[in-house]
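**Student:** Next input, structure requested:
(one chain, ligands or ions: 2)
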Amino acid sequence: MERTFIMVKPDGVRRGLVGEILRRFEDKGLRVVGLKMVVPSRDLAEKHYGVHRDKPFFNDVVEFITSGPVVALVLEGPDAIALTRAMMGKTRPTEAAPGTIRGDYANSTEQNLVHGSDSPETASEEIELWFRTEELLSEA
Ligand code: ADP
Ligand code: MG
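**Tutor:** Ligands and ions are numbered 1, 2, ... in the order given. Predicted structure coming up:
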C-alpha cells in the first residue's frame with residue numbers, strides 16, 4: 001500500500017474537471033484518504049515547487065498555482081505513485097498520451113490540470129506540507 005499527494009490545479013477547478021479527474025482515480029481503485037479545497041498561499045506554493053526554484057518557469061508556476069482554489073488529495077493504493085503518474089500523462093500536452101488526464105484535457109505545459117508526487121520521498125514531503133495528520137484517514 002502506498003500514499004501519494006495529488007492536486008487538481010486551478011485550471012482543473014475552473015474548468016469543472018474535479019469530478020472527472022477524481023472519478024478516474026476512484027474507478028481505478030484508489031482510495032481517497034484526504035481531500036480539501038484551498039487557495040494556496042505563496043509560501044505553500046514556493047515550498048511545493050521548491051525543487052524548481054532555479055527554473056525559468058518557477059515564478060509563473062507559483063503565480064498560476066496561487067491563482068485560485070485547488071483540490072488537494074491524498075490517494076492510497078498499490079503503487080499509487082507510479083499509477084497516478086501514468087494516469088496523469090506527461091507534463092507537455094504534445095507528449096501526454098490520449099487516454100491520460102493531461103492527454104485528454106490539457107493544452108498547455110503550465111496549465112496541465114493535475115499534480116502528482118513523483119517518488120516515495122516527494123510523496124511524504126508533499127503530504128506533510130499540505131495536510132495535518134488529523135486531516136487524513138488512518139491506516140487500514
Ligand atoms: P510534472 O508536473 O509532470 O511533474 P514538472 O515537475 O517538470 O512536471 O513541473 C512542475 C510543473 O511546472 C508542471 O506540471 C507545469 O505546471 C509547470 N511547468 C513545467 N515545465 C514548464 C515549462 N517549460 N513552462 C511552463 N510551466 C512549466
Ligand atoms: Mg514534478
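**Student:** CA atoms for contacts and neighbours, from now on please.
**Tutor:** OK.
**Student:** Close to ligand 1: what parts of this protein are there?
**Tutor:** By C-alpha under 6 Å from any ligand atom, the residues of the chain that approach ligand 1 are 57, 61, 90-91, 109-112, 115.
**Student:** Buried only: go through those residues for me.
**Tutor:** 61, 90-91, 110-112, 115 (16 or more other C-alpha atoms under 10 Å).
**Student:** For the residues you listed, work out which two are farthest apart.
**Tutor:** V61 and K90 (16.5 Å; C-alpha to C-alpha).
**Student:** Inside strands: which ones of the buried ones among the residues of the chain next to ligand 1?
**Tutor:** H115 (DSSP state E).
**Student:** Is it possible to get CSV of the buried ones among the residues of the chain next to ligand 1 that adds pLDDT?
**Tutor:** As requested, these are exported to CSV (pLDDT from 0 to 100):
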residue, pLDDT
V61, 98
K90, 98
T91, 98
E110, 98
Q111, 98
N112, 98
H115, 99
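**Student:** Can you give me the buried ones in stretch 41-50?
**Tutor:** Residues 44-46, 48 are the ones in stretch 41-50 that count as buried (16+ other C-alpha under 10 Å).
**Student:** and what of stretch 82-98?
**Tutor:** Residues 82-85, 87-93, 96-97 are the ones in stretch 82-98 that count as buried (16+ other C-alpha under 10 Å).
**Student:** Just the closest of these to ligand 1, please.
**Tutor:** Closest approach to ligand 1 among the buried residues of stretch 82-98 (C-alpha to the nearest ligand atom): T91, at 3.9 Å.
**Student:** Please name the nearest non-neighbouring residue to the closest one.
**Tutor:** Ranked by C-alpha to C-alpha, 6 or more residues apart in numbering and with sequence neighbours excluded, the top spatial neighbour of T91 is T109, at 6.1 Å.
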